[in-house]
Structures are given as C-alpha cells and as structure tokens.
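Peer 1: A predicted structure for the sequence below; I have some questions about it.
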Amino acid sequence: MFEYCTDPQELEGLTWLSCYLTTGVHFLFYWAFGKVLLLLAIAAPSALAFGFLGAMAARSLIAPLRWFGKAYISVVRGVPDVAFFLFFVIALDQFFEWTRHQVKCPDWDQPIRQGNDFLVCPAAKLPLNTAPEWQHETYGFLLAVLTFAIVFGAFAANVIFGAMKAVPRAQMETAEAYGMTRRQSFWRVMVPQMWVYALPGLSNTWMVLIKATPLLFLLGIEDIVYWARELGERRTARFSDYPHEDWRMWYFLALLIFYLGFTLLSETVLRRLQLRLSRGQATAAGEAQRKTAK
C-alpha cells in the first residue's frame, strides 16, 4: 500500500508493521468485520420477523397452525445451535436445488439421491458452476443469514409469545368492550404494549446472536475467526513476505476487544430503548420513572 513497502526484508519496527497490516490479505480480514456486521444487520430483523410469526402461530385459534408454532419454538430451542446450523445450510441448499431441478429439468431420468451424493442437473445448481466466485460467496452468506434467522427466530418467538401473554387481560377485555374485534385489539392494544415485556428477552437473544457469529467459520465462510487463525499462524520467510512467530493470541485478542466493545454499545442502546418503551407503561420500570419524575 505504501511506497516504502516494496522490499519488506529491509523494513523493521513500526514501518514493517504498517506494511504488514496493509497487505491485501489483511484487508480481507478487515472486510470480514463488515461481514459480521452485515450478518447482524440482516439476520436480526429477519429473526424478529420469524419470531413474531412463530408467536402468532403459537397462539392461533387454528389447531394445526398452533401446533406448528409451538413445535417450531420447542424443537429449534431444544437442539444445539451448531447441529441446526450445519443441518439447515445443507438442507436449504438441497431444497432450493431440488426445486429448481423440478422446474428446469422435468425430463431428468436419473435419481437425485445416489448413495451419499445429491445430484441435480447442471442447470439447477445454485449457483451455476460457471458463475463467478463472488456469486458462490454471496449465496453461501445468504444461506447462513437465513439459517441464523430461522434458529434465532425460534428464541425470539418464545420471548414474544410470553410477552403477549404478559399484557394484562383486562386491557384486552376493555378493548373488546369498546367494540374492537379480536384482530383490532391484537394490533392496537396487545402489539404496542407487548414490546416493553419482550425487550429484555429480545436483548438477551441479540447478545447471543452476536456471540454466535463465529459459527460462520463452521459454515465455510471466511469470517474474522477464519482470518484470525490464518494470519496469526507462524509464518516463515519461505512462505511469506512478512515472516513472524505464532501471533494467534494477538489476533484473537483483537476479536475479543471487538466483541466486548460491540456488546457494550448494544447494552447502552438497548438500555435507552427500554427506558423509552417503559415511559408511561404500568410496569415496574414505568413506575420507577414516575417516582423519579416526582
């Protein structure tokens, strides 16, 4: 990056370090931090949407829908996250390719399942074998985002379901007494008020989601954990222009600082949001605010 980085063998001290930290591989490491933030920016609202739909299904008056909602919450929460992450990525990938196979290759006469192999016609592959590398990486990343949304949506659904039950029944009865339908009372009374009960649990889910982002490494995506391990391993002059000892401890220390800083920032934002939602509510937090105001 810098003009004086032409010959690393002649560099030392801070000059050597500045050249080392601005190599192309290190920029991939820095970009990986953006991947983590992008994952959180997409997966968090997606998981919230899955959670809201799952909670609505779990309290539905239609029995099959209610069973499905409760099964979704119980099954996903009851299985280790790693198992579901590894399962969903493979299952979703094969489901999408199978669907495309049925549409694009209706005359295919060979079995898709051949032993341990899953074989579809070339036109049904996602992405196509001729697609550029960035499409393969984007597709894998989107599969990971969808997996995060499904898994953490179950945790969000459990929180939101409990928050809906926490809204005082008397308020719902009052709404019905004023002539509101079940749908109107749900959207106008329950939903606006249930967030104050749901936020503590959703905050915890958000923190767990942050801590789960290193699972991208297990899904084959070159995230910050992958690059921290690759860059931190001992390098000799034979295999690198910038030889060094085993520095993995320092790279993982950088990840520790990143996650701690991001968690502290999240706690500050969530605390202020909790105060904002509690204002004027008949909850312990709302009562504390009223006493403070006096």
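Peer 2: Okay, I see it.

Peer 1: tell me the secondary structure for T130?
Peer 2: Secondary structure, DSSP: H, G, I helix; E, B strand; the rest coil: T130 is coil.

Peer 1: what's the answer for M180, then?
Peer 2: Reducing the assignment to helix, strand or coil with three-state DSSP, the entry for M180 is coil.

Peer 1: tell me the helices in the chain, going along the chain?
Peer 2: 13-20, 24-58, 63-78, 81-104, 133-166, 169-177, 182-185, 191-212, 224-232, 248-278, 284-293 (DSSP state H).

Peer 1: can you give me the mean pLDDT across stretch 224-236?
Peer 2: Mean pLDDT, taken over the full extent of stretch 224-236, equals 86.

Peer 1: outside of it, which residues touch it?
Peer 2: Taking Cβ atoms under 8 Å, 6 or more residues apart in numbering as the criterion, the residues outside stretch 224-236 that touch it are 25-26, 28-29, 32-33, 35-36, 214, 216-217, 242-252, 254-255, 258. Where C-beta positions appear, they are placed from N, C-alpha and C, glycine not excepted.

Peer 1: Can I have the buried ones of these as a ChimeraX selection?
Peer 2: Applied in ChimeraX, the following selects the buried portion of the contacts of stretch 224-236 according to 16 or more other Cβ atoms under 10 Å:
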select :29,32,33,35,36,214,216,217,242,251,255
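
Peer 1: one step back: tabulate the helices of the chain (CSV), appending distance to P111.
Peer 2: What follows is the helices of the chain, written out as CSV (distance: least, Cβ to Cβ, whole Å):
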stretch, distance to P111
helix 13-20, 52
helix 24-58, 33
helix 63-78, 29
helix 81-104, 12
helix 133-166, 24
helix 169-177, 54
helix 182-185, 47
helix 191-212, 36
helix 224-232, 36
helix 248-278, 45
helix 284-293, 60
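
Peer 1: do you know how far A44 is from H101?
Peer 2: Distance from A44 to H101, counting by Cβ to Cβ, to the nearest Å: 33 Å.

Peer 1: residues near the residue lying closest to A175 once chain neighbours are set aside, how many?
Peer 2: Closest residue to A175 apart from its sequence neighbours, by Cβ to Cβ, 6 or more residues apart in numbering: S185 at 3.8 Å. Residues lying near S185 (other Cβ atoms under 10 Å) number 20.
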